[in-house]
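Participant: Dropping a prediction and its sequence here:
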Amino acid sequence: MAKYRAQIGDRQFKIEVNGKNGLASIDGKPAKVDSSWVAGSQNNLSLILDDRSFDLRIEERDDQLVVIHAGRRVICTVVDEHLADLQKLAGSQEKPKGKTVVKSPMPGLIVKVLVSIGDIVSKGDRLLVVEAMKMENEVKSPCAGRITQIQASKGDAVTMGKELVVIE
């Protein structure tokens, strides 16, 4: 079961998704979910939530998603629950100097490696794309620096917490 935390404006939601049977819960309330990316599009998602159909356009902006439905734009953030806990913990400590190891936030398949050894990256730059449960998830740089190691290649299956990239 995948667990996420979402925020839309000042409202926060806890979302649990069981990808095998289409069941989910939003703040503990059961929901039936089915979704698929529209063929030929990287941004259009067809979503069925409790027998209601939604055609969504999803655009990434920094660490947020802009979700467009029926002409209405909503800005939201969605973070894996474990990653949210780690970010909260990391935010309360002094940032380490030296190397930063970027780890996979979820199990999945590496579908794109977007950097090379020696590349200079900024905080928020896209590093890799991990596919999990038919969805592509970008792994972004948590800091600025130079790529010194890449420990995953396109096609690799990775576990949550697998070291992917080292930034110094």
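Facilitator: That came in fine, so what should we check first?
Participant: switch to C-alpha atoms for all contacts and neighbour counts from now on
Facilitator: OK.
Participant: now the protein, which segments are flagged as low pLDDT?
Facilitator: 19, 83-97 (pLDDT under 70).
Participant: Would you mind giving the domain segments of it?
Facilitator: 2-80, 96-167 (automatic domain parsing).
Participant: any idea which of the ones you listed is most buried?
Facilitator: domain 96-167 (a mean of 17; mean count of other Cα atoms under 10 Å).
Participant: Need the three-state assignment for the residue nearest the centre of the chain.
Facilitator: Nearest residue to the geometric centre of the chain (Cα atoms, centre = their mean): Asn137, 4.4 Å. Under DSSP: H, G, I helix; E, B strand; the rest coil, Asn137 falls in the strand class.
Participant: Give me the three-state assignment for the residue lying closest to Ser36 once chain neighbours are set aside.
Facilitator: Leaving aside its chain neighbours, Ser36 sits nearest to Ser46 (5.4 Å; criterion: Cα to Cα, 6 or more residues apart in numbering). With three-state DSSP as the basis, the three-state label of Ser46 is strand.
Participant: let's have the chain start at 9 instead
Facilitator: In the new numbering, first residue 9, that becomes Ser54.
Participant: okay but Ser54 is in contact with Val41, surely?
Facilitator: No: with contact defined as Cα atoms under 8 Å, Ser54 does not count as touching Val41 (10.7 Å).
Participant: what about Lys107, distance to Lys22?
Facilitator: Separation of Lys107 from Lys22 (Cα to Cα, to the nearest Å) stands at 32 Å.
Participant: hmm, I was thinking of Glu144
Facilitator: On the measure of Cα to Cα, Glu144 and Lys22 end up 21 Å apart.
Participant: Ok, Glu139 next?
Facilitator: Computed as Cα to Cα, the Glu139 to Lys22 distance reads 22 Å.
Participant: Then Pro113?
Facilitator: Counting by Cα to Cα, the gap from Pro113 to Lys22 is 17 Å.
Participant: tell me the contacts of His90?
Facilitator: By Cα atoms under 8 Å, 6 or more residues apart in numbering, the contact list for His90 reads Lys11, Pro113.
Participant: likewise Val46?
Facilitator: Contacts of Val46 (Cα under 8 Å, 6+ apart): Asn52, Leu53, Ser54.
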